[in-house]
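1. Quick one: sequence plus predicted model below, questions after.
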Amino acid sequence: METINPKLISWASILDAKTLDQALAASTLPFIYPHLALMPDAHLGKGATVGSVIPTLHAIIPAAVGVDIGCGMIAVRTQYSVKDLPRDRKRLREDIERAIPLSAGHNNRRVLATAEPRIAELKRLAAKAGFNPAQYVERWELQLGSLGSGNHFIEVSADETGAAWLFLHSGSRGVGNKIAQHHIGVAQQVTRKRGTKLPDPDLAYLDEGTPQFDAYIRELRWAQHFALLNREEMMDRVIAQFGHWVGGHVTERERINCHHNFTQLEMHYGKSVWVSRKGAIRAEPGDPGLIPGSMGTASYVVDGLGNRASLNSSPHGAGREYSRTAARKTFSLAELKEAMHGIEFRPSDAFIDEIPAAYKPIDVVMRDAADLVKVRHKLRQLVNVKGD
């Protein structure tokens, strides 16, 4: 941990100058309290740094929550051991790819029976919140149970005991993105009318007690819940495919589902603040959490340690060292195949920007996070599924 100034504390041993400048700019806002916390995986983001914890008094910065509201991880520990698994891992990967729409633009063709109760729940919550998600995406229901692209993934992994885990990363899909972009725009309009000067237009904020703030919170909470249910729906489908593959029923020994792009009211340093975790997970004492590495490297199941200075938070993953554009210019498909040796995956030029070398070493990130979380399990990938 390094105290950079009274308003910025960092746990990142790998931190480029642009990311630090971005975090310093956000920390100067007058409603930051008590300080902004940079996680070990911090890297440049839209307005606010990815891998940061931003506590605000009586205001929220929509871009500090992120454009994929509610993005996060879900993992299930099964009763199976690696030695119980069939050798044909390609068949499982292809079955998962058929069961779950993978790309950013592809949705379910119809609402499956497993999704119907979740859709009904989301419709009730939207009605209670006083908005119609169709104003953002006409057939938003078809996005529930779809993965997306980029760093979103589905994996089968094994822990140090040989136990098989199912692991998945996704968020609120297009509907959550549209909600986020709308309210970032509203915040910018409000800020311009207010005449407030900001170090970055994407740090535009909404004041608590205003209609714009209230509308954002209502729709934000809905999108956060959509993201959670989206992961649940996909995990149920992955479990079904995994069960078919192993030829038996899957018993869930443990299920963890946690956001890493979200905001909520919390008490810190004697005050009630809106804590926006943009690429960070809550890590109160005993909180179960999931910290994935990049594709081809280890992932971690952790318990929070409740570090006060971090605002009870921890990193959410490895964190990029190369932008997507830079990674595509730097690395090749041959290098990606080499990095994924021994892991079943679909080789594609579309995944070059996700090569492990484009990310910070996850072991360094976890070493930096030693006073934030306790490692319970270290997972190694067996099968990787991504959306292009």
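-> Here it is on my side, so go on.
2. What ranges does the stretch 201-350 of the chain have for its strands?
-> Taking DSSP state E, counting those that start in this stretch to define them, one finds strands in the stretch 201-350 of the chain at 206-207, 254-259, 261-268, 271-278, 280-282, 288-291, 299-304, 313-315.
3. The longest strand along the chain: how far from the chain's middle?
-> The residue-count maximum for a strand in the chain (DSSP state E) belongs to strand 373-386. The chain centroid and the centroid of strand 373-386 are separated by 15 Å under Cα atoms, centre = their mean, to the nearest Å.
4. Can we start the residue count at 255 from this point?
-> With the count now opening at 255, the last piece we talked about shows up as strand 627-640.
5. Just the buried positions in that strand, please.
-> 627, 631-640 (16 or more other Cβ atoms under 10 Å). For glycine as for every other residue, the C-beta is placed from the backbone atoms N, C-alpha and C.
6. Phe421: which of the strands of the stretch 455-604 of the chain is closest?
-> Of all the strands of the stretch 455-604 of the chain, strand 553-558 sits nearest to Phe421, with 6.3 Å by Cβ to Cβ.
7. how distant is that closest one from the center of its chain?
-> For strand 553-558, the distance to the chain centre is 14 Å (Cα atoms, centre = their mean).
8. Contacts for that strand next, please.
-> 329, 409, 411, 413, 419, 421, 510, 536-547, 566, 568, 616, 620, 626-633, 635 (Cβ atoms under 8 Å, 6 or more residues apart in numbering).
9. The stretch 255-404 of the chain: strands as residue ranges?
-> Under DSSP E, counting those that start in this stretch, the stretch 255-404 of the chain gives strands at 256-259, 262-264, 290-297, 304-310, 313-314, 326-335.
10. Comparing those strands, which comes out most buried?
-> Looking across those with neighbours counted as mean count of other Cβ atoms under 10 Å, the highest average goes to strand 290-297: a mean of 29.
11. Report the rounded mean pLDDT for that one.
-> Mean pLDDT, strand 290-297: 97.
12. ok, Ser530 touching Ala313?
-> No - at 10.4 Å, Ser530 does not count as touching Ala313 under the criterion of Cβ atoms under 8 Å.
13. How far does the helix ranked longest in the chain sit from its chain's centre?
-> As assigned by DSSP state H, the longest helix anywhere in the chain is helix 465-500. How far helix 465-500 lies from its chain's middle: 12 Å, per Cα atoms, centre = their mean.
14. and if you look at stretch 491-510?
-> 23 Å.
15. Likewise for stretch 308-320?
-> 17 Å.
16. Repeat that for stretch 369-377.
-> 22 Å.
17. Can I get it in PDB, CA atoms only?
-> In PDB, the C-alpha atoms belonging to stretch 369-377 read as follows (Å, rounded to 0.1, in the frame of the first residue of the first chain):
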ATOM      1  CA  ALA A 369     -35.100 -17.700 -18.000                       C
ATOM      2  CA  GLU A 370     -38.800 -17.000 -17.800                       C
ATOM      3  CA  PRO A 371     -38.900 -16.600 -13.900                       C
ATOM      4  CA  ARG A 372     -35.900 -14.300 -14.100                       C
ATOM      5  CA  ILE A 373     -37.500 -12.200 -16.800                       C
ATOM      6  CA  ALA A 374     -40.700 -11.900 -14.800                       C
ATOM      7  CA  GLU A 375     -38.700 -10.800 -11.800                       C
ATOM      8  CA  LEU A 376     -36.900  -8.100 -13.800                       C
ATOM      9  CA  LYS A 377     -40.200  -6.900 -15.300                       C
END
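18. count of residues packed around Lys344?
-> 12 (other Cβ atoms under 10 Å).
19. so what's it up against?
-> Glu598.
20. and the gap between the nearest residue to Leu590 once chain neighbours are set aside and Thr332?
-> Nearest residue to Leu590, sequence neighbours excluded (Cβ to Cβ, 6 or more residues apart in numbering): Ile609, at 4.7 Å. To Thr332, Ile609 is 28 Å away according to Cβ to Cβ, to the nearest Å.
21. Can I get the buried residues of strand 627-640 in TSV including distance to Val429?
-> Formatted as TSV, those follow (distance: Cβ to Cβ, whole Å):
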residue	distance to Val429
Val627	31
His631	33
Lys632	34
Leu633	30
Arg634	34
Gln635	29
Leu636	32
Val637	28
Asn638	26
Val639	22
Lys640	21
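22. Arrange those residues in a markdown table, one row each, with pLDDT and distance to Ile433 as further columns.
-> Output for the buried residues of strand 627-640, formatted as a markdown table (pLDDT from 0 to 100; distance: Cβ to Cβ, whole Å):
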| residue | pLDDT | distance to Ile433 |
| --- | --- | --- |
| Val627 | 98 | 30 |
| His631 | 97 | 34 |
| Lys632 | 97 | 35 |
| Leu633 | 97 | 32 |
| Arg634 | 95 | 36 |
| Gln635 | 96 | 32 |
| Leu636 | 97 | 35 |
| Val637 | 97 | 32 |
| Asn638 | 96 | 29 |
| Val639 | 96 | 26 |
| Lys640 | 91 | 24 |
